[in-house]
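Trainee: Structure of the sequence below:
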Amino acid sequence: MRAQFVLSEMWIGLRRNLTMTIAVIITVAISLALFGSGLLVQQQISHMRQFWDERVSVTVYMCTEVSPSEVCQENGPATKEDREAIQSDLESLDEVTGVEYVTAAEAWKEFQDRFSENRALTEAAQEGDIPDNFRVQLSNPNEFDAVVETVQGRPGVDSVHNDQQVLDQFFELLDGLKWAALVVSFVQLAAAALLIGNTIRLSAYSRRRETGIMRLVGASNFYIQLPFLLEGAISGLIGGVIASGFIVATRYVLLDRIQEWFAFNISLGAGSLAYVIGLSMVLGILLCTISSFLTLRRYLRV
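Mentor: The predicted model follows:
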């Protein structure tokens, strides 16, 4: 009987303040969607950083007959002696964990395989455009300067390319996207807390006669507050369910679009998605319930 009464009072409160309740649900859904999207982007960044830190390398491109740089024009194409000396010096560095020599033919084939789906790019390039090179693996991706000082300006060396610099620019873009989503989500969560508090206050005011009678007959504070707390919790739950749809869309639209830029499978799994959805829904329920509780302490005076 008590449970039926509490649920009945909760339903009455939701129905009486339907417009405000819908506004709360929409605000909570938007804020949780942004919060969850920010968490997803954060997990994707961490996943990608771990993946690429293990594979990032420094590429030392050698001079060819068609290289336009001044060093190559002055010293000519790299000779066998140049390559052997450079490889020996690179392997002697403490910062270097591995050195791989890639011929021009191997580099061209790798280019064709990696970008086989981008016909415009592969058709625009010609064999010989990619010179032979050394792929240098570092124990610490930030120790790029040691390799540059060893090979830059030497006969046979055209240029030195650091993959980490390109990745840093990309990750800075993703970091900006993540923080923008999180900041906006926190603003929205604050607005949702204020809105749910106002909704519960109106609900408590409209039922002040009933709550007064309940106090007179000896009902406990918790029993009087429970219908209002459930109103907030239900609003948070519905908002969390709606936000889950947006979070799933973020995973399979935005992050999968980012995934297409790479030739490796580094997308988030279902476990990460379920974790973010669960955390967002719990946050929505707690936010609305706590806001309701604090509002009741101030306005219900029980």
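Trainee: which stretches of the stretch 151-300 of the chain form strands?
Mentor: Secondary structure of the stretch 151-300 of the chain (DSSP state E, counting those that start in this stretch): strands at 157-162.
Trainee: now it, which segments are flagged as low pLDDT?
Mentor: 166, 204, 206-208, 210-215, 217-220, 222-223, 256-268, 298-300 (pLDDT under 70).
Trainee: and Asp82, how many neighbours?
Mentor: For Asp82, the neighbour count with other Cβ atoms under 10 Å is 18. (Glycine included, C-beta is placed from N, CA and C.)
Trainee: pretty sure it is touching Asp158, no?
Mentor: No. The pair Asp82 / Asp158 is not scored as a contact, 11.2 Å apart, by Cβ atoms under 8 Å.
Trainee: neighbours of His161, just the number please.
Mentor: 13.
Trainee: again with Val41
Mentor: With other Cβ under 10 Å as criterion, Val41 counts 24.
Trainee: Surely it and Leu177 touch.
Mentor: Yes. Between Val41 and Leu177 a contact is recorded at 5.9 Å, counting by Cβ under 8 Å.
Trainee: shared neighbours, Asp82 and Asp158?
Mentor: Met62 (Cβ atoms under 8 Å, 6 or more residues apart in numbering).
Trainee: How about the contacts made by the spatially most central residue of the chain?
Mentor: Compute the mean C-alpha point of the chain, and by Cα atoms, centre = their mean the closest residue is Val41, 0.7 Å away. For Val41, the contact set (Cβ under 8 Å, 6+ apart) comprises 174, 177-178, 181, 255.
Trainee: From Glu110, how far off is it?
Mentor: To Glu110, Val41 is 30 Å away according to Cβ to Cβ, to the nearest Å.
Trainee: can you check Thr97 too?
Mentor: Note on Thr97: its distance to Glu110, by Cβ to Cβ, is 21 Å.
Trainee: same deal with Gln164?
Mentor: 20 Å.
Trainee: Quick check: Asn140 is in a helix.
Mentor: No. Assessed with DSSP: H, G, I helix; E, B strand; the rest coil, Asn140 is coil; it does not lie in a helix.
Trainee: and the gap between it and Asp94?
Mentor: To Asp94, Asn140 is 10 Å away according to Cβ to Cβ.
Trainee: between those two, who's got more neighbours?
Mentor: Neighbour totals were compared for Asn140 and Asp94, and Asn140 leads with 11 against 8 (other Cβ under 10 Å).
Trainee: What residues does that one make contact with?
Mentor: When contacts are counted by Cβ under 8 Å, 6+ apart, Asn140 touches Glu95.
Trainee: Could you give the backbone dihedrals for it?
Mentor: Here is the backbone geometry of Asn140 (degrees, to the nearest 10): phi -130, psi 120.
Trainee: Thr59 belongs to a strand?
Mentor: Yes. Judged by three-state DSSP, Thr59 forms part of a strand.
Trainee: Which residue is the nearest non-sequential neighbour of it?
Mentor: When the adjacent residues along the chain are set aside, Thr59 lies closest to His161, with 4.5 Å between them (Cβ to Cβ, 6 or more residues apart in numbering).
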